[in-house]
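A.B. asks: Let's see this in three dimensions:
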Amino acid sequence: MAAWNRHVDSVLTGPQFAVLSAVRAYPGFDQTALAKAVALDTSTMADVCRRLENRGLIARGPAPHDARAKVLTLTDDGLAAFREVTRRTRKLDQALLEGCPEERRGEIAGMLNELGALWEAVAERSEI
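C.D. replies: Residues are numbered from 1 along each chain as shown. Predicted coordinates for the structure are as follows:
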């Protein structure tokens, strides 16, 4: 978290970046479907989207098939922010792995991603 805050973005959180990434990959999808894609519960997703919308990074509107559903799209500012944060995350990834043998960096990054997913699953548990 400290490295993200210092080198990537001190305001945009990891979950917010995940939502920006999903909205960019699936423009016009509804908020509930994208919540599943980024492994957020619907109330957390609504909060994240409200914050992103307040910052002018995404737009929410009614879905054509269901007026109760909200579809998400990136704004121009959202696309610019996504591109800049992506550039910074790539530099951070390189810095975090620079001490690892070059031929094993892909493998190590994959293991770290798997470990992160496992930790996220533990964090979501109501009891341990």
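
A.B. asks: Which residue would you name as the spatial centre of this structure?
C.D. replies: Nearest to the mean C-alpha position of the chain, by CA atoms, centre = their mean, lies Ala18 at 0.9 Å.

A.B. asks: Backbone dihedrals for the closest residue in space to that one that isn't next to it in sequence, please?
C.D. replies: Distances taken as CB to CB, 6 or more residues apart in numbering place Val38 nearest to Ala18, at 4.3 Å, with adjacent residues excluded. In this view, the C-beta of every residue, glycine as well, is placed from N, C-alpha and C. Main-chain torsions, Val38, degrees, to the nearest 10: phi -110, psi 10.

A.B. asks: shouldn't Val38 be in contact with Leu20?
C.D. replies: No: here Val38 does not reach Leu20: they are 9.7 Å apart, not a contact under CB atoms under 8 Å.

A.B. asks: The two: which is more packed in?
C.D. replies: Using other CB atoms under 10 Å, the more surrounded residue of Val38 and Leu20 is Leu20, with 24 against 19.

A.B. asks: which ones are touching the more buried one?
C.D. replies: Going by CB atoms under 8 Å, 6 or more residues apart in numbering, Leu20 touches 12, 52, 57-58, 74, 78, 81-82, 85.

A.B. asks: Restricted to buried residues, select these in PyMOL.
C.D. replies: Buried subset of the contacts of Leu20, written as a PyMOL selection, criterion 16 or more other CB atoms under 10 Å:
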select buried, resi 12+52+57+58+74+78+81+82+85
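
A.B. asks: average pLDDT across the host helix or strand of Ser43?
C.D. replies: Element membership for Ser43 (DSSP states H and E) is helix 42-54. Helix 42-54 carries an average pLDDT of 93.

A.B. asks: Surely Arg60 is within a strand?
C.D. replies: Yes: the assignment for Arg60 is a strand, going by DSSP: H, G, I helix; E, B strand; the rest coil.

A.B. asks: one step back: unless I'm mixing things up, the residue nearest to the centre of the chain is touching Lys36, no?
C.D. replies: No: Ala18 is not in contact with Lys36 according to CB under 8 Å; the separation is 12.0 Å.
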